[in-house]
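Novice: Give me the fold of what follows.
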Amino acid sequence: MSALYRLERRGGALIIWNCNTAMRNALSYEYYQGLQDGLAHAASDPGIAAVILAGEGGFFCSGGNLNMLKERRAMAYAERQVQIGKLNALIRAVRTCPKPVIAAVEGGAAGAGLSLAMAADMIVAEEGAKFTLAYVKAGLVPDGGATYALTQALPRATVARTAMLAEPLSAERMHQLGAVTELAPKGRTLAQAEALADAVARGPETAIADIKELLNQAETASFEDQLDYERDAMAKALGGAEAQAGIGAFLSKTSPVFR
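Specialist: Numbers count the residues shown, from 1 in each chain. Model (predicted):
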């Protein structure tokens, strides 16, 4: 681990902390590596049911380091592509992790920090937190899948306004529009994220991983292809031990025990 990130195990959850508090948890190369290592560890550890992304110091993530972005201006176009691709790899790692990922957003999520939060499967946001795409103020455009994730979750006109005018979206508005899973009172964001992780931990691990994969596929698949993906996933699930436990419990009117 580095001074810029920290991994913490709490029950069935692995919390990956961004610890760059001096820069409101701006993304660092150390955090890039720590997050990817943490996600890989969670994927391979059956004792970990969910991953929580959090920021120390009361702010989730302020996005890219402007000094790093300034350095990239001097690079050739191809090299700039390579550097930006590292953020894409980070977002893909969150999206493809077989364990559910929960973003615990305190204070705010800005720029690539918003992209990171939107890559998670669920977001618990502190009341009053702000989600901001301020790239346009620096003559830049959103990256890290922000335009994709936001236009999947929000009306296009809402995304256009926040991206083109750099107007923040409140946690309350994001919740109203369905992009935020839960609102939390100040000081309760991580606790509510942990409660979500505990609920996941009581569910069937393989089925939940397959549900996440189906949701990822649904964003780009045709209806006919998605029917086939669901058919194959259901056929697999019906032959597994989780279905045996779940169906048996349902028929006997008892609570299933999956883990």
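Novice: Show me which residues of stretch 16-31 are buried.
Specialist: Counting neighbours by 16 or more other C-beta atoms under 10 Å, one finds that the buried residues in stretch 16-31 are 16-20, 23-28, 30-31. Where C-beta positions appear, they are placed from N, C-alpha and C, glycine not excepted.
Novice: Filter those residues down to just the ones in helices.
Specialist: Using DSSP state H, the members of these that fall in helices are 30-31.
Novice: List just the nearest of the buried residues of stretch 16-31 to A43.
Specialist: Using C-beta to C-beta, I16 is the member of the buried residues of stretch 16-31 that lies nearest A43, at 12.8 Å.
Novice: what bridges to the closest one?
Specialist: According to DSSP bridges, the residues that bridge with I16 are L7, L53.
Novice: Name the nearest residue to M118, ignoring sequence neighbours.
Specialist: Spatial nearest neighbour of M118, chain neighbours left out: A149 (3.7 Å); criterion: C-beta to C-beta, 6 or more residues apart in numbering.
Novice: coming back round to it: is it possible to get TSV of the buried residues of stretch 16-31 that adds pLDDT and distance to L196?
Specialist: What follows is these, written out as TSV (pLDDT from 0 to 100; distance: C-beta to C-beta, whole Å):
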residue	pLDDT	distance to L196
I16	98	15
W17	98	17
N18	98	19
C19	97	22
N20	96	25
M23	94	28
R24	96	24
N25	97	21
A26	95	26
L27	94	24
S28	92	27
E30	94	27
Y31	95	23
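Novice: Tell me where the stretch 51-200 of the chain has strands.
Specialist: Along the stretch 51-200 of the chain, the stretches classed as strands by DSSP state E, counting those that start in this stretch are 101-105, 108-110, 122-126, 130-132, 169-170, 182-184.
Novice: Quick one: those strands as CSV, columns for distance to F223 and mean pLDDT too.
Specialist: Converted to CSV, the strands of the stretch 51-200 of the chain look like this (distance: least, C-beta to C-beta, whole Å; pLDDT from 0 to 100):
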stretch, distance to F223, mean pLDDT
strand 101-105, 27, 98
strand 108-110, 32, 97
strand 122-126, 25, 98
strand 130-132, 31, 98
strand 169-170, 30, 98
strand 182-184, 30, 98
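Novice: Looking at the ones you listed, which is nearest to D198?
Specialist: With C-beta to C-beta as the measure, strand 101-105 is the member of the strands of the stretch 51-200 of the chain nearest D198 (10.9 Å).
Novice: Point out the other helices and strands that that closest one packs with.
Specialist: Using 3 or more C-beta pairs under 8 Å, 6 or more residues apart in numbering; DSSP states H and E as the contact criterion, the elements in contact with strand 101-105 are strand 50-55, helix 112-119, strand 122-126, helix 189-201.
Novice: Dump it to PDB, restricted to CA.
Specialist: The C-alpha trace of strand 101-105 is given here as PDB (Å, rounded to 0.1, in the frame of the first residue of the first chain):
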ATOM      1  CA  VAL A 101     -18.800  -2.200  -6.300                       C
ATOM      2  CA  ILE A 102     -20.400   0.600  -4.200                       C
ATOM      3  CA  ALA A 103     -19.200   4.200  -4.300                       C
ATOM      4  CA  ALA A 104     -19.600   6.000  -1.000                       C
ATOM      5  CA  VAL A 105     -19.600   9.700  -2.100                       C
END
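Novice: Counting by contacts, list what the helix or strand of the chain with the lowest mean pLDDT packs against.
Specialist: Least confident helix or strand, the chain: helix 66-72 with a mean of 81, by mean pLDDT, DSSP states H and E. Of the remaining helices and strands, those touching helix 66-72 by 3+ C-beta pairs under 8 Å, 6+ apart are helix 77-96.
Novice: relative orientation of the helix it packs on and strand 50-55 in degrees?
Specialist: Between helix 77-96 and strand 50-55, the angle comes out at 130 degrees (axes from the mean of the first three to the mean of the last three C-alpha atoms, to 10 degrees).
Novice: how big is the angle separating helix 77-96 from strand 101-105?
Specialist: 110 degrees.
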